[in-house]
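Asks: sequence plus predicted model, see below.
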Amino acid sequence: MTSSNAPAAPLSPKERAGRTPLAEFTTKYASQIGITVAFIALWLVFLVLAPETFGSDRIYKSFAQTTPYFAIMAMAVTMVIVAGDIDLSFGSIMALGMVGFVWTWEATDNVLLGAVASLSVGAAAGLFNGLVVTIIGLPSLVVTIGTQFLFRGLMLVLVAGRSFSFGETRGDLAREAFVGKPFDVPMELWWLILVTIIAWVLLNRHRLGQNTYVIGDNEQTARLMGTPITRTRVTLFVISGLAAALAGLLNSLQFASFFPSMGSQILLPTLAAVFVGGTSVFGGRGSIYGTFLGAFMIGGIGAGIVAVGMTDFYTQLIYGAIILISISIHAVLQRRFQR
């Protein structure tokens with residue numbers, strides 16, 4: 001496999017001379033162009049089938065507030081998967097991180113300190129995942145299935161299964177920085193844009209991203225090249241933990257409450273956004289841009305199902321189908337590249 005940001009194969013001078021700049025561009029960015037076309041086509045379908053819903057600005061304001069909860073996690077998970085790993089524990093980390101917030105806020109009445117505690121717990125959980133995967137040498141799929149239940153169980157024990165309300169935070173300046181509405185645009189969307197930019201820079205303009213693509217493409221080659229494999233993989237899991245904690249923080253502050261079930265329904269839409277955005281489950285290929293559009297496609301599908309008169313029961317069915325189809329496409333493409 002090759003990185004999605006690199007040309008598929010070197011061209012001879014003769015082949016290069018016969019290619020137009022447009023052909024060069026479409027070849028290099030075929031994946032990004034494909035997801036963009038699919039995104040526009042899907043939105044046009046929804047506009048035709050449900051014009052009252054998708055022709056109104058209300059649904060877009062709703063997307064701006066709800067989509068970031070799983071889209072932020074999808075950015076970090078994309079980076080983990082590009083490296084050839086996977087993290088299935090982010091929903092549980094999302095809830096566990098809020099334990100740090102609740103305890104700190106109740107002790108200090110300070111939202112900012114609570115946020116720092118939440119992010120610290122998320123980073124620690126990600127670090128634990130990364131160390132178990134790299135030092136013990138277990139597959140990340142197995143490890144994060146286990147820690148998904150471990151972190152969820154730890155959270156339930158720590159809060160004794162209770163829910164918490166912190167309505168007193170409403171109006172707090174620190175809270176407004178997380179879930180306010182400057183210029184009538186939800187802060188959740190601004191946070192998503194910031195996370196997207198950071199993730200894009202890390203994956204495309206930073207050594208971490210170079211190492212991530214090399215490891216995901218071929219770990220043996222990466223080792224021969226002297227790539228810091230362990231450090232890179234652990235760092236990616238820490239980033240995933242931070243993103244999950246941030247998503248949980250935004251969700252809880254928006255509703256000024258915390259429920260132990262938080263994050264239990266976030267796995268499917270997050271993975272669907274990653275895979276429909278063009279990231280290969282086999283590693284080595286993926287883009288932040290694709291995941292960004294994929295997240296809004298998944299959000300749109302959820303709203304579109306209801307808008308066209310279908311019951312919400314179809315949502316998980318369609319998400320599951322999207323994941324299966326995306327993985328199958330990448331499997332076929334991988335076999336073609338290996339020939």
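Replies: Sure thing, it's come through.
Asks: ramachandran angles for Phe164?
Replies: phi -130, psi 140 (degrees, to the nearest 10).
Asks: who does it form a beta bridge with?
Replies: Legend: beta-bridge partners of Phe164 under DSSP bridges are Phe258.
Asks: isn't it right up against Val99?
Replies: No: between Phe164 and Val99 there is no contact under CB atoms under 8 Å: 9.4 Å. Every residue, glycine included, has its C-beta placed from N, CA and C.
Asks: so which of these two has more stuff around it?
Replies: Val99 (23 against 18; other CB atoms under 10 Å).
Asks: which helix or strand contains the residue lying closest to the more buried one once chain neighbours are set aside?
Replies: Closest residue in space to Val99, ignoring its immediate chain neighbours: Leu158 at 5.1 Å, by CB to CB, 6 or more residues apart in numbering. Secondary structure assignment for Leu158, by DSSP states H and E: helix 140-159.
Asks: buried residues in that helix?
Replies: Across helix 140-159, burial judged by 16 or more other CB atoms under 10 Å covers 140, 143-144, 147-148, 150-152, 154-156, 159.
Asks: over to stretch 49-61?
Replies: Residues of stretch 49-61 classed as buried: 50, 53-54, 59 (neighbour count, 16+ other CB under 10 Å).
Asks: now those residues as a markdown table including pLDDT, distance to Val132 and secondary structure?
Replies: As requested, these are exported to a markdown table (pLDDT from 0 to 100; distance: CB to CB, whole Å; DSSP: H, G, I helix; E, B strand; the rest coil):
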| residue | pLDDT | distance to Val132 | secondary structure |
| --- | --- | --- | --- |
| Ala50 | 81 | 45 | coil |
| Thr53 | 80 | 45 | helix |
| Phe54 | 83 | 44 | helix |
| Ile59 | 81 | 41 | helix |
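Asks: can I get the helix holding Leu158 in CSV, CA atoms only?
Replies: Output of helix 140-159 as CSV, limited to C-alpha atoms (Å, rounded to 0.1, in the frame of the first residue of the first chain):
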residue,chain,number,x,y,z
SER,A,140,-4.7,-3.1,19.1
LEU,A,141,-8.0,-4.6,18.1
VAL,A,142,-7.9,-7.0,21.0
VAL,A,143,-6.4,-4.5,23.5
THR,A,144,-9.0,-1.8,22.8
ILE,A,145,-11.9,-4.2,22.9
GLY,A,146,-10.7,-5.1,26.4
THR,A,147,-10.1,-1.5,27.5
GLN,A,148,-13.4,-0.5,26.1
PHE,A,149,-15.0,-2.6,28.9
LEU,A,150,-12.2,-1.9,31.4
PHE,A,151,-12.6,1.9,31.1
ARG,A,152,-16.4,1.7,31.1
GLY,A,153,-16.4,-0.5,34.2
LEU,A,154,-13.8,1.7,36.0
MET,A,155,-16.0,4.8,35.3
LEU,A,156,-19.1,3.0,36.7
VAL,A,157,-17.3,2.0,39.8
LEU,A,158,-15.9,5.5,40.4
VAL,A,159,-19.3,7.2,40.1
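Asks: now Ile86: phi and psi?
Replies: The phi/psi pair for Ile86 (degrees, to the nearest 10) is phi -150, psi 150.
Asks: neighbouring contacts of stretch 166-186?
Replies: The contact list for stretch 166-186, computed with CB atoms under 8 Å, 6 or more residues apart in numbering, reads 61, 64-65, 68, 102, 105, 109-112, 115, 187-188, 190-191, 249-250, 252-254, 256-258.
Asks: what average pLDDT does it get?
Replies: Stretch 166-186 shows a mean pLDDT of 87.
Asks: start to end distance for that stretch?
Replies: 20 Å (CA to CA, to the nearest Å).
Asks: quick one: buried residues of that stretch?
Replies: In stretch 166-186, counting by 16+ other CB under 10 Å, buried: 166, 169, 172, 175-179, 186.
Asks: identify those among those residues that sit within strands.
Replies: In this view, these have no member that belongs to strands under DSSP state E.
Asks: show me which of the residues you listed is closest to Gly216.
Replies: Gly216 lies nearest to Phe178 out of the buried residues of stretch 166-186, by CB to CB, at 32.3 Å.
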